[in-house]
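Asks: Sequence first, predicted coordinates after that:
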Amino acid sequence: MRLDIQKLQALAAAGLLLASSMAPQASAQAAAPQQTATPPAANSQSGNPPGGPKNSAGMQEGNFPNLPQPVLTTPFELRTSGHNFTIPKSHFPNPFAPYTAINVAPPEFGNTSELGQLVRDGKIYLSLSDAIELALSNNYDIAIQRYNLDIADTDILRAKAGAALRGVNAGVVQGTIGGATSTQLSGGGPGGTSVASGGSASGALGVVSSTNGGGPTPEYLDPVLTSTIQREDVMTQSLGVLSPASFTNTNEYNFGYTQGFTPGAQLAVTFDNSRATSNNPYNAYSPLLSSNFRATLTQHLLQGRGFFINKRFIYQAKRDRQITDSAFRQQVLSTVNQVENIYWGLVSAYEDVQAKQRALDQSKQLAADNRKQLEIGTLAPLDVTNADSSVATDQQSLVTSETTLEYQQLIMKQAIVRNLDDAVIATAPVIPTDRVSLEKLDEESQPVETLVQQAYANRPEVEQARLNLKNDELTVKAIKNGLQPTVDVYGFYGSATAGGAQSPYCQTFSNSGAFENCPPNTVPTIGYGNVFQNLFNSSNPDKGVGVNVNVILRNRVAQSDQERSQLEYRQAQMKLAQLYVQIRIQVINSQFALTQDRASVQASETARNYQQQSLDAENKKYKLGASTTQNVLQQKRNLANAEANYITAMTTYARDRAALTQNLATTLTKYGINLADTAMDKVSSPPVVPGLVPISNRTQTPADQPAPAVTN
């Protein structure tokens with residue numbers, strides 16, 4: 001009876017211990033049951049059923065807006081060369097090829113030949129089409145982004161072996177100076193957990209990592225061969241009569257083969273052999289031949305089971321490749337728009353120099369006329385001083401404008417040229433030969449909702465965000481599998497055999513009890529061929545089956561990852577919805593901006609013409625003695641301001657035209673830019689930019705005349 005009471009006490013203590021460990025978790029769930037019962041953002045007004053349809057990870061989509069699916073970047077898997085980095089080296093015909101390195105060709109740092117064809121009389125005559133064509137071939141941002149296409153391919157090759165992905169940068173490279181705009185949006189990273197996505201970083205050392213790529217580790221799909229070939233000599237000291245001193249020589253030849261399979265299985269085969277010689281008199285065999293073999297097949301039943309779990313990195317790597325293609329398209333769109341902005345900035349600086357030069361010429365002419373009148377005594381000296389002051393002011397304005405033009409020319413060169421060390425290119429002034437037309441774009445007359453839907457379908461940021469959501473679904477599904485215990489069933493078959501020849505040192509007891517050498521054929525001689533054969537004839541089988549179970553009590557790490565993966569997915573959904581709103585605002589604003597810009601250009605042009613006529617009239621009155629130097633100078637300043645306003649209005653209009661095309665992501669189609677050729681670093685046909693008027697085809701005004709040589 002005493003023993004039974006002790007047992008009951010022990011059971012009660014164990015029960016209390018278990019209850020105490022479960023109490024905190026139970027009380028927390030009881031205190032906040034609504035955390036798992038109510039989704040964070042539900043809208044009962046949606047026409048969808050409660051929770052909405054489910055995605056591939058089994059998560060309800062809620063009332064996410066039913067918007068058009070993005071048009072995927074084509075052609076798929078853009079190539080920078082003829083080499084495909086997703087294809088591994090084969091063992092045939094060279095069995096050692098997979099163990100040799102590949103040498104990536106060095107980049108080209110020289111300028112393309114097309115640039116030299118634009119140089120005439122020491123000047124670079126540049127149209128907008130020429131600038132875009134040169135940027136597609138020479139711009140460093142595009143060249144840097146081009147490498148990401150091949151880097152993404154290396155991840156596909158890595159994933160085919162079952163290894164985790166290294167990832168690839170999909171952001172727009174922004175190393176080109178000048179012409180930057182804020183129309184580029186982010187497609188969202190995995191789970192949207194980059195720094196400042198939901199606030200400042202607060203992880204370990206300020207680094208926040210997402211659950212992307214989480215879940216059970218896939219099986220390693222590349223076969224692995226192992227071998228150990230070893231020779232060992234051992235001298236053993238005597239420990240007694242029955243343990244004499246001896247010398248043993250052992251040669252080992254051990255081999256192994258391991259390979260994982262996508263259902264979640266692993267095959268491990270070992271084949272071990274040894275040959276041992278010894279002068280120990282108690283060893284019957286010398287040499288002693290030993291051989292054993294075992295094949296073990298293990299299959300995951302819960303965690304890590306299934307084709308999806310073990311091939312998900314391949315799916316993700318291929319989708320990452322699509323994201324990289326889209327990022328390359330976004331890079332080309334961004335760079336082309338940036339080059340356009342730089343070009344119109346150059347045009348603005350170029351025409352500003354001309355306007356400042358005309359103002360200086362007028363001031364000099366007025367000062368010269370005043371001096372003549374002073375000499376004949378018809379004008380006061382103060383009027384001459386006033387005119388000279390205006391000349392000095394205009395001279396300063398011209399110098400400032402000329403240095404601005406030189407800087408804009410340098411900015412233009414660094415966007416379309418790789419090597420600025422070329423003396424001819426570095427010193428040649430850039431003459432822009434295109435001006436923008438005021439003809440209305442077709443997009444200006446289209447309903448704004450049509451443009452918005454077009455942007456939704458074409459914008460690479462939407463494409464990337466959608467693809468990232470698909471990758472997040474893979475993560476959610478994989479981490480959900482990781483919640484389960486590890487239960488593996490395995491079976492093995494093997495055998496162990498031995499053989500050899502009788503040891504020349506073999507001794508046995510005689511009938512008298514004394515030691516004597518073993519008679520010949522005391523033990524049978526078994527060659528290695530028979531030893532090897534006995535491994536597979538079931539003469540000495542070693543077989544069995546079993547189950548390995550690994551259960552983590554409370555499972556808090558897996559629960560945390562599973563919860564976080566869904567929260568990150570929901571966060572990515574919100575970022576995508578926000579992206580749609582941002583794109584809508586951008587498109588609407590771009591359409592409004594063009595309408596306003598055209599009105600601004602027309603108003604500033606009318607004001608410029610009026611100020612020009614006013615100045616001409618004031619000059620006539622001045623020559624007739626009906627006006628003063630002060631009035632003429634005031635009219636000249638008014639004209640200068642009007643010309644500056646006109647130049648600014650035209651530049652803003654030109655940039656906003658390009659921005660509308662970029663916001664709709666139709667630049668490549670409208671300009672005839674072939675994305676596959678750009679990826680290969682070639683331009684099969686020059687871009688054609690609509691809505692431009694070459695200077696030679698316009699009715700030239702003073703503002704269109706070639707600028708005088710820039711003087712320092």
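Replies: Looks like it came in fine. Numbering: from 1, shown residues only.
Asks: okay, now residue 504: neighbour count?
Replies: 10 (other Cβ atoms under 10 Å). In this view, the C-beta of every residue, glycine as well, is placed from N, C-alpha and C.
Asks: Please, where are all the helices along the stretch 551-700 of the chain?
Replies: 556-623, 629-663, 667-671, 675-679 (DSSP state H, counting those that start in this stretch).
Asks: Direction included, what does the helix or strand where residue 248 lies pair against?
Replies: Residue 248 belongs to strand 246-261 when assigned by DSSP states H and E. Strand 246-261 has the following strand partners under DSSP bridges: strand 224-236 (antiparallel), strand 265-278 (antiparallel).
Asks: before we move on, the earlier item: highest average neighbour count across the helices of the stretch 551-700 of the chain?
Replies: helix 629-663 (a mean of 21; mean count of other Cβ atoms under 10 Å).
Asks: Which neighbouring elements make contact with that one?
Replies: On a contact count with 3 or more Cβ pairs under 8 Å, 6 or more residues apart in numbering; DSSP states H and E, helix 629-663 meets helix 307-375, helix 381-416, strand 434-436, helix 556-623, helix 667-671.
Asks: Include distance to residue 220 and mean pLDDT when you put these into CSV, please.
Replies: Formatted as CSV, these follow (distance: least, Cβ to Cβ, whole Å; pLDDT from 0 to 100):
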stretch, distance to residue 220, mean pLDDT
helix 307-375, 10, 94
helix 381-416, 46, 93
strand 434-436, 58, 94
helix 556-623, 22, 94
helix 667-671, 41, 95
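Asks: Reformat these into a markdown table and put distance to residue 508 next to each item.
Replies: A markdown table is the format used below for the helices and strands packed on helix 629-663 (distance: least, Cβ to Cβ, whole Å):
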| stretch | distance to residue 508 |
| --- | --- |
| helix 307-375 | 58 |
| helix 381-416 | 94 |
| strand 434-436 | 108 |
| helix 556-623 | 63 |
| helix 667-671 | 92 |
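Asks: of those, which approaches residue 143 most closely?
Replies: helix 307-375 (10.1 Å; Cβ to Cβ).
Asks: Pull the distance from that closest one to the chain's centre.
Replies: 25 Å (Cα atoms, centre = their mean, to the nearest Å).
Asks: could you check the angle helix 556-623 makes with that helix?
Replies: 20 degrees (axes from the mean of the first three to the mean of the last three Cα atoms, to 10 degrees).
Asks: Convert stretch 457-470 to CSV, retaining C-alpha atoms only.
Replies: Taking C-alpha atoms only, stretch 457-470 is exported to CSV below (Å, rounded to 0.1, in the frame of the first residue of the first chain):
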residue,chain,number,x,y,z
ALA,A,457,-2.0,46.4,-66.8
ASN,A,458,1.4,47.8,-68.0
ARG,A,459,3.2,49.1,-65.0
PRO,A,460,6.1,46.8,-64.1
GLU,A,461,5.7,47.7,-60.4
VAL,A,462,2.3,46.0,-60.4
GLU,A,463,3.7,43.0,-62.1
GLN,A,464,6.5,42.7,-59.6
ALA,A,465,4.1,43.1,-56.6
ARG,A,466,1.8,40.5,-58.0
LEU,A,467,4.6,38.0,-58.5
ASN,A,468,5.9,38.7,-55.0
LEU,A,469,2.5,37.9,-53.6
LYS,A,470,2.7,34.6,-55.4
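Asks: Identify whichever of the helices of the stretch 551-700 of the chain lies nearest to residue 420.
Replies: Of all those, helix 675-679 comes closest under Cβ to Cβ, at 22.4 Å.
Asks: How far off centre is that closest one?
Replies: 18 Å.
Asks: pLDDT-wise, which helix or strand of the protein ranks last?
Replies: None of the helices or strands of the chain scores lower by mean pLDDT, DSSP states H and E than helix 34-37, at a mean of 40.
Asks: Now do the helix or strand following it: which elements does it pack against?
Replies: Per DSSP H and E, helix 34-37 leads on to helix 113-117 as the next helix or strand towards the C-terminus. Contacts defined by 3+ Cβ pairs under 8 Å, 6+ apart place helix 113-117 against helix 128-138.
Asks: Let me know the angle separating the helix it packs on from helix 629-663.
Replies: 50 degrees.
Asks: And helix 128-138, what does it pack against?
Replies: Using 3+ Cβ pairs under 8 Å, 6+ apart, helix 128-138 sits against helix 113-117, helix 307-375, helix 381-416.
Asks: Can you list the neighbours in contact with stretch 346-365?
Replies: The contact list for stretch 346-365, computed with Cβ atoms under 8 Å, 6 or more residues apart in numbering, reads 387, 390-391, 393-395, 397-398, 401-402, 404-405, 407-409, 411-412, 430-432, 434-435, 615, 633, 636, 639-640, 643-644, 647-648, 650-651, 654, 702-703, 705, 707-708, 710.
Asks: ok, now which ones touch residue 223?
Replies: Counting by Cβ under 8 Å, 6+ apart, residue 223 touches 257-259.
Asks: Kindly report the domain assignment for the protein.
Replies: As given by automatic domain parsing, the domain ranges for the chain are 128-194+208-221+310-337+441-483+560-712, 224-261+265-303+486-550.
Asks: okay, these, which one's buried deepest?
Replies: Comparing those by mean count of other Cβ under 10 Å gives domain 128-194+208-221+310-337+441-483+560-712 as most buried, with a mean of 19.
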